[in-house]
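**Q** Sharing a model prediction with you, sequence too.
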Amino acid sequence: ELLTSMIATLPAALKRSLTWDQGNEMAQHAQFTLDTGLQVYFCNPHSPWERGSNENTNGLLRQYWPKSSDLRHLTQTHCDTVALRLNTRPRPTLGLLTPAQALDKALLATTS
């Protein structure tokens, strides 16, 4: 439901498909597709190259929470702080734009 509402805020040009890992998080993927019109694709097991952006982000998140971290005590405020840091950090893969700048650029392109 949360993902569905978040997807609804994006312009149609940015909502073509969603590639997901093999986890149970998308057990309701058929309903998600009906609710959003977004086709869901699943990566093959043990094929991290099929979800490169996700793997890269996981690596960045590990700088804040190493693999053995106990995440049960995280607060939304702390998660929001880390998200802000990551979304305002220039990325070589985006031509040194931040993810926020790249999203803004993509959003502007859909309204022109």
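**A** Cool, got the structure.

**Q** from here on, contacts and neighbour counts on C-alpha atoms
**A** Noted.

**Q** What residue spans form the domains of the protein?
**A** 1-42, 86-111 (the TED database).

**Q** what residue lies at the spatial centre of this structure?
**A** Among the residues of the chain, the one closest to the centroid is N54, at 7.0 Å (Cα atoms, centre = their mean).

**Q** ok, now which ones touch that one?
**A** If you count contacts by Cα atoms under 8 Å, 6 or more residues apart in numbering, N54 has none.

**Q** What helix or strand is it located in?
**A** For N54, the element it lies in under DSSP states H and E is helix 52-61.

**Q** average model confidence for that helix?
**A** Averaged across helix 52-61, pLDDT comes to 85.

**Q** Next: stretch 85-96.
**A** 92.

**Q** Show me which residues of it are buried.
**A** Going by neighbour count (16 or more other Cα atoms under 10 Å), the buried part of stretch 85-96 is L86, N87, P90.

**Q** Including secondary structure and distance to T77, could those residues go into JSON lines?
**A** Below are those laid out as JSON lines (DSSP: H, G, I helix; E, B strand; the rest coil; distance: Cα to Cα, whole Å):
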{"residue": "L86", "secondary structure": "helix", "distance to T77": "14"}
{"residue": "N87", "secondary structure": "helix", "distance to T77": "15"}
{"residue": "P90", "secondary structure": "coil", "distance to T77": "22"}
